[in-house]
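J.: Sequence unavailable; structure follows:
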């Protein structure tokens, strides 16, 4: 009986397009039973996993659709190529503290100097 129920649930999750819930519900159900969680707590955790997976997929999709040539960060930036560039200042801008402080930031420079990296 449990196998039929599990198969039906898996099918329903697939039809409802809830792939993470379909993959994780058995594991979470066992964990919930072992820790005496309520059904509501189990369901909350299951939906949290689905939402987290969807958020991660949305970010990955946006990055893919943006068609960035290569995902870049400051770990790979060659600060020696631009001797007039202040590395501490660039790293500070990269932490985006200026946003929390409600300052504007305008990056000006030649083509190929890495202006988009702080973004």
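T.: Perfect, I can see it now. If you're wondering where the values come from, they're calculated on a predicted model, not measured in any experiment.

J.: Name the helix or strand for residue 62, please.
T.: Residue 62 belongs to helix 39-66 when assigned by DSSP states H and E.

J.: Could you check how far that helix is from the centre of its chain?
T.: On the basis of Cα atoms, centre = their mean, to the nearest Å, helix 39-66 sits 9 Å off its chain's mean C-alpha point.

J.: Likewise for stretch 11-29?
T.: 20 Å.

J.: By neighbour count, which bits of it are buried? Give me those.
T.: 13, 18, 20-22, 24-25, 28-29 (16 or more other Cβ atoms under 10 Å). Quick note: C-beta positions are derived from backbone N, CA and C, even for glycine.

J.: which one of those sits closest to residue 82?
T.: Minimum distance to residue 82 across the buried residues of stretch 11-29 is 43.6 Å, recorded for residue 20 (Cβ to Cβ).

J.: what about the closest residue to residue 50 other than its chain neighbours, distance to residue 57?
T.: Leaving aside its sequence neighbours, residue 50 sits nearest to residue 20 (Cβ to Cβ, 6 or more residues apart in numbering; 4.5 Å). Residue 20 sits 9 Å away from residue 57 when distances are taken as Cβ to Cβ, to the nearest Å.

J.: For residue 16, what are phi and psi?
T.: Per-residue torsions, residue 16: phi -80, psi 0 (degrees, to the nearest 10).
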